[in-house]
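Peer 1: Make a model of this:
(chains A, B, C and D)
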Protein chains: 4
Amino acid sequence: MELWFTEKYSQNCGLTINVKNEIYSERTKYQDIAFFDSYDFGRFFTLDGYMMVNEKDEFIYHEMITHVPLAVNPQIKKVLVIGGGDGGTIRELSRYEHIELIHHVEIDERVVELCKQYLPQTACKLDDERVEAFYTDGVEFVKGKENFYDLILVDSTDPIGPGEGLFTKEFYRNCYKALNENGILVNQHESPYFPTNAKEMKKAHAKLKGIFEICKVYQFHMPTYASGHWLFGFASKKLDPIKDHKKDEWEKFNIETKYYNSLLHEGAFALPNYVIDLLEEASEEDMK
Amino acid sequence: MELWFTEKYSQNCGLTINVKNEIYSERTKYQDIAFFDSYDFGRFFTLDGYMMVNEKDEFIYHEMITHVPLAVNPQIKKVLVIGGGDGGTIRELSRYEHIELIHHVEIDERVVELCKQYLPQTACKLDDERVEAFYTDGVEFVKGKENFYDLILVDSTDPIGPGEGLFTKEFYRNCYKALNENGILVNQHESPYFPTNAKEMKKAHAKLKGIFEICKVYQFHMPTYASGHWLFGFASKKLDPIKDHKKDEWEKFNIETKYYNSLLHEGAFALPNYVIDLLEEASEEDMK
Amino acid sequence: MELWFTEKYSQNCGLTINVKNEIYSERTKYQDIAFFDSYDFGRFFTLDGYMMVNEKDEFIYHEMITHVPLAVNPQIKKVLVIGGGDGGTIRELSRYEHIELIHHVEIDERVVELCKQYLPQTACKLDDERVEAFYTDGVEFVKGKENFYDLILVDSTDPIGPGEGLFTKEFYRNCYKALNENGILVNQHESPYFPTNAKEMKKAHAKLKGIFEICKVYQFHMPTYASGHWLFGFASKKLDPIKDHKKDEWEKFNIETKYYNSLLHEGAFALPNYVIDLLEEASEEDMK
Amino acid sequence: MELWFTEKYSQNCGLTINVKNEIYSERTKYQDIAFFDSYDFGRFFTLDGYMMVNEKDEFIYHEMITHVPLAVNPQIKKVLVIGGGDGGTIRELSRYEHIELIHHVEIDERVVELCKQYLPQTACKLDDERVEAFYTDGVEFVKGKENFYDLILVDSTDPIGPGEGLFTKEFYRNCYKALNENGILVNQHESPYFPTNAKEMKKAHAKLKGIFEICKVYQFHMPTYASGHWLFGFASKKLDPIKDHKKDEWEKFNIETKYYNSLLHEGAFALPNYVIDLLEEASEEDMK
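Peer 2: Residues are numbered from 1 along each chain as shown, chains lettered A, B, ... in the order given. Coordinates of the predicted model:
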């Protein structure tokens, strides 16, 4: 059947994907969610028409959001995940036996329930006993928390719809307070290539720069996100992702990965000049 | 107007691009060539329906094929470019004043003529006085050359159509002979993500491994090529792209780049585990 | 969401439809069936990827297959419907109170069950007490029936997949026998415009011509079928669709229609020259 | 090459056509014009992104706009064609030897020039000696003309862009004056199916009804126009398209046609109920 899902990267281009079937769809309180089976990417799901996660390459995103901070501070024990209702980030976290608690804050409980049903590949560890789930707004949740978390992972959608508040200065400031002195925040940081994404990348970077002592950006090859060139922001109070990289300690964890490795950890922070320029512009501009 | 060009990455997915107009098309002796104006990528051209080069991101490909070997051996003086009729690779080479000669072997003279007319952004240095053009088959051209070139850049299309012979063992063996003892070959190496590309990547790698002493692969973010995750093969007789990286010498050239830089040089060789695995498989399999 | 269903009319063109959601899909014993909600056409369903019926224009097809023969022989009492699992044809038949029995032969019971669930607009009269359903092959069902039906409606899919046997000479010959002396057969007759459809139109016409005394073709505007120019074959033992048109008797039924009317009845048989020529060619060729 | 032209029938559906090449495009003083070669429809051209004429089915439109009025008044000698820069309508008119003059009013001379160059199939008779061309606005041209023409053919684009003035009451009133007592106007009348077209159909009909004594609508199967169900308005001072149909006289002209014939002439005026209803609504509403 000629049924094609197109993820528009702009008004004038997009990735178009032949789907076998739409498995399920629902209008939740917050957004439209739909699950599809495709030929090239296996099962995938969309929020408000944008692909979030697919079986073929979700490992890239979820390894890169998780293992980079864990290799900078292998003693991370208390983690806050905001968003990430599909469970992929928590699945990767759950592989570290020494992690003691994972607070999972997801605004839309239906995303979690449906991913458990339709996307077990990512949702398989959402019931790990160390995970405590809070179905609430991440912006509210983090308010008032102090000096508690070792790591906050902002695994959000684009800053449109329910994810919007997660891209504000106030939110980042509260995250800063919620982190302890070794605290790290990793932030879904959009992409430098298409203008809409680049604008959001710059905004997020400028805001974090104004709050955190250390503020770096790392990249990875994510073929099903716009341009395939995707970024995470790495912000911390004192740990530097390269200088404090604990390669040997991390390798002792013996975690088998398909994308991440210690060499790539450092390579990922080596950005192209044009990305560096955009990020510098961002710091100079008065980004709201 | 709703006129969309789609670059199929497989039977079941592709990048779809709204074009303003098709500027020109021709069936040459070797292939179909067409030029388009698009909203997001400026002018681009296609060979046999596949996008080769567009104004928005050609700089990435052309910087990465050129500056990496020049930063490993900054004394490169004699260069052979095979393919690359658009001129982007030669434009980057022409920025090195100490390069003495550039042999440009392109099978299809019409590609060169039409890119000069329709794509001056890349074709602007094809008339540099150090460039000597040979409109002939690269496979034939390289036969019998011995101990002459410092660098061979195989800037070819996919191994279908006119580019096919450039992916054979015999061709690589003749390149080896044509290079001098410091010789480097950089090869368009396809991509690890979609099965068709990954298969070609493995084949090319296996063949080079059997011939060259040093054989590495480096990656870059090329948003308009399949998956955005593209590779070059770096093959040489004795120079290692990391150990012999002449960062300081290269930086003295004072070449302004938009993608490449010395830190990224090293980061580009830090491949994801799944790519490393594919390349190792390739070496073990008996690739024809 | 950018989810588009495309009905290919040929390799190189098609109707493309933005769908809201795929409601349900299933691989039955015979075919793939799927239900969609669309913006322009309401709910529609597909068999093996081809659109069968949509809420916006199904009335055209179903009125034209039914009311034309009823206006030629208003005494029709015994009807056989082959195919038409969506129920639209039976819904129109059910409006004639004097019809006594409707044998409904549909090979795929799941089509009927699912249309009852998902497409009540057409399936609403499938439980009319005059309807007797037979879930079996129409080709087999009609074998051995003699001198029984006033009307046979072949409401089939294209002659690919389960519908294939309904386009054979043997089947039409058995239909002839199953009809009484006033018997009429109306046949889904494809379309004259795109080559694939035109070929099937010619085949069906040639076969009927060899068997029935009277053999005419009528046309209607069906926007969601290939080219919008669709045909039914009208074959009978002695009744002529124009000469025997019982305009006044039919109008006494007082059936409210949205497409069909008595003037259009006659207009529908006025075919364009190029269609006449194709049908004449068909009669002359030895169509298998 | 995957290069597809899509004619959007609404925001949510359209006909999508694989094109071989765009042959030529230009921004004229009035509109964008482009010529394409396609697999299924041969050469076609677009104005402002809408397909006007293609080699495969232009005969349908051009026969139906021309031969219907000529079969009602076979004495037509003086014709005004407004629009129709492609020449197809004039080609059909030129087949009547007794026609004495054809005033051709086309606002955009470039359309005529380019169709002569790129679309000889329709433009072949634009240099017929009876044709006098006026490159001016049809609305202006017709002002002040009195009692002169036997026939006015309004072969316009949709009422958007340069064609807009041709859908106004004032224009139709001036056409009425420009016609003699046997005068007929045939008007491109859009389509009943998709809401945007239906709205324009109703507007045009309401306006003509207020001016002409006789006002009918006839239909034809035009596969590449939205829905395939297209209409012409037939407006006249006293001649009725059915009652005054001069079948025998027309057949003496011995004009070979591929779509039109005398039986179809009458059938074309037999409209579906839903179209009749829309047209009646139009007459009742106060259409501006």
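Peer 1: spatially speaking, which residue is in the middle of chain A?
Peer 2: A:D155 (3.2 Å; Cα atoms, centre = their mean).
Peer 1: who touches that one in this structure?
Peer 2: A:65, A:81-84, A:89, A:188 (Cβ atoms under 8 Å, 6 or more residues apart in numbering or on different chains). (C-beta placed from N, C-alpha, C; glycine too.)
Peer 1: would you turn those residues into TSV with neighbour count and pLDDT?
Peer 2: Converted to TSV, these look like this (neighbours: other Cβ atoms under 10 Å in any protein chain shown; pLDDT from 0 to 100):
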residue	neighbour count	pLDDT
A:I65	24	98
A:V81	25	98
A:I82	28	96
A:G83	23	95
A:G84	30	96
A:T89	27	98
A:Q188	26	94
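Peer 1: Just the closest of these to chain B, please.
Peer 2: Using Cβ to the nearest Cβ, A:I65 comes nearest to chain B of the contacts of A:D155, at 14.7 Å.
Peer 1: Now do the strands in the stretch 1-150 of chain A.
Peer 2: For the stretch 1-150 of chain A, the strands defined by DSSP state E, counting those that start in this stretch occupy A:3-10, A:13-27, A:32-38, A:43-47, A:50-54, A:78-83, A:101-105, A:131-134, A:149-155.
Peer 1: And for A:F234, the neighbour number?
Peer 2: 26 (other Cβ atoms under 10 Å in any protein chain shown).
Peer 1: before we move on, back to that, any chance of the backbone angles for the closest residue to the residue nearest to the centre of chain A other than its chain neighbours?
Peer 2: Using Cβ to Cβ, 6 or more residues apart in numbering or on different chains and skipping the chain neighbours, the partner closest in space to A:D155 is A:G84 (3.3 Å). Per-residue torsions, A:G84: phi 60, psi 40 (degrees, to the nearest 10).
Peer 1: Return the residues in contact with A:G84.
Peer 2: Applying Cβ under 8 Å, 6+ apart to A:G84 gives the contacts A:90, A:104, A:106, A:153, A:155.
Peer 1: In TSV: those residues, plus pLDDT and distance to B:F35.
Peer 2: TSV is the format used below for these (pLDDT from 0 to 100; distance: Cβ to Cβ, whole Å):
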residue	pLDDT	distance to B:F35
A:I90	98	49
A:H104	98	51
A:E106	96	48
A:L153	98	45
A:D155	95	42
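Peer 1: What is the most widely separated pair among the residues you listed?
Peer 2: Using Cβ to Cβ, the contacts of A:G84 span at most 12.1 Å, a distance reached by A:E106 and A:L153.
Peer 1: Overlap in contacts, those two.
Peer 2: Joint contacts of A:E106 and A:L153 (Cβ under 8 Å, 6+ apart) are A:82, A:84.
Peer 1: give me the low-pLDDT residue ranges for chain A?
Peer 2: Along chain A, the model assigns pLDDT under 70 to residues A:159-163, A:286-288.
Peer 1: Up against chain B, what does the stretch 51-200 of chain A have?
Peer 2: With Cβ under 8 Å from any Cβ of the partner chain as the criterion, the stretch 51-200 of chain A comes near chain B at residues A:57, A:60, A:193-194.
Peer 1: Can I get those residues in TSV including distance to chain D?
Peer 2: Converted to TSV, these look like this (distance: Cβ to the nearest Cβ, whole Å):
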residue	distance to chain D
A:D57	23
A:I60	27
A:Y193	22
A:F194	21
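Peer 1: A:R43: what's it in contact with?
Peer 2: Contacts for A:R43 (Cβ under 8 Å, 6+ apart) come out as A:23, A:35-37, A:54-55, A:118-119, A:121.
Peer 1: ok, for it, nearest residue in space, not its chain neighbours?
Peer 2: Going by Cβ to Cβ, 6+ apart, A:R43 has A:E55 as its nearest residue, at 5.1 Å.
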